[in-house]
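>>> This is a predicted model, with the sequence first.
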Amino acid sequence: MGDLPQTIEIAEEGPREGFQIEKGPIATSDKIALIEALSATGLRHIQVGLVWLNLLFLMSISVLPFSCALLGHFFQNTGAQEIYFTNMFVAALLLYAQWILATRKKLIAGDDPRAVRAMGQQLIMFPMALVAALIVTPYRVMGGFNAMVVVLVGLRLWQRQSFRKEAMSPSSQNLSS
């Protein structure tokens, strides 16, 4: 986990945008109480889009026990595998979308750009592997799991090789000196 960013920044925009969807007026004292409660958490900022993506991500995770149980009872069934892989794909894609949004909004500390890039690459690898599993499963019952593993291992090896080449390039050696 050494290639994870040391800090991330989350910005809360609920007091500015979140109150607009409420029907009827909200008392000023209630708004102040919410802002004080948010500030008590230690967070400096929270992005509404990030909150919605996180809620959708958690909703997809809440369905995961169902798809896992279905897979456990009907392991050799193509339909059960497709439901499982689809559930995992949605969760992985939402997690990657959170990363993209946080990166674009500059909520990820850029202390180590290589670590930030590595995390983004690792987060996109899982949806790619799940797409491979979804494509292969209808043709071969256990093929989806094999395809997922092959894609994950291949992408991870590519990532390690590209970082090794980057570390050995003259431009990266000039930056470190």
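That came in fine, so what should we check first?

>>> Sketch out the low-pLDDT regions of this protein for me.
1-2, 4, 8-21, 35-36, 38-48, 171-177 (pLDDT under 70).

>>> helices or strands up against the helix or strand encompassing residue 72?
Under the criterion of DSSP states H and E, residue 72 resides in helix 48-73. Judged by 3 or more C-beta pairs under 8 Å, 6 or more residues apart in numbering; DSSP states H and E, the packing partners of helix 48-73 are helix 14-17, helix 78-104. To be clear about C-beta, it is placed using only N, CA and C from the backbone, and glycine gets the same treatment.

>>> what about the next helix or strand after the last one, distance to the chain center?
Beyond helix 78-104 on the C-terminal side, the first helix or strand identified by DSSP H and E is helix 113-136. With C-alpha atoms, centre = their mean, to the nearest Å as the basis, helix 113-136 stands 10 Å off its chain's centre.

>>> you'd agree residue 70 is up against residue 84?
Yes - between residue 70 and residue 84 there is a contact under C-beta atoms under 8 Å: 6.9 Å.

>>> Give me the more crowded residue out of those two.
More crowded of residue 70 and residue 84, by other C-beta atoms under 10 Å: residue 84, with 26 against 17.
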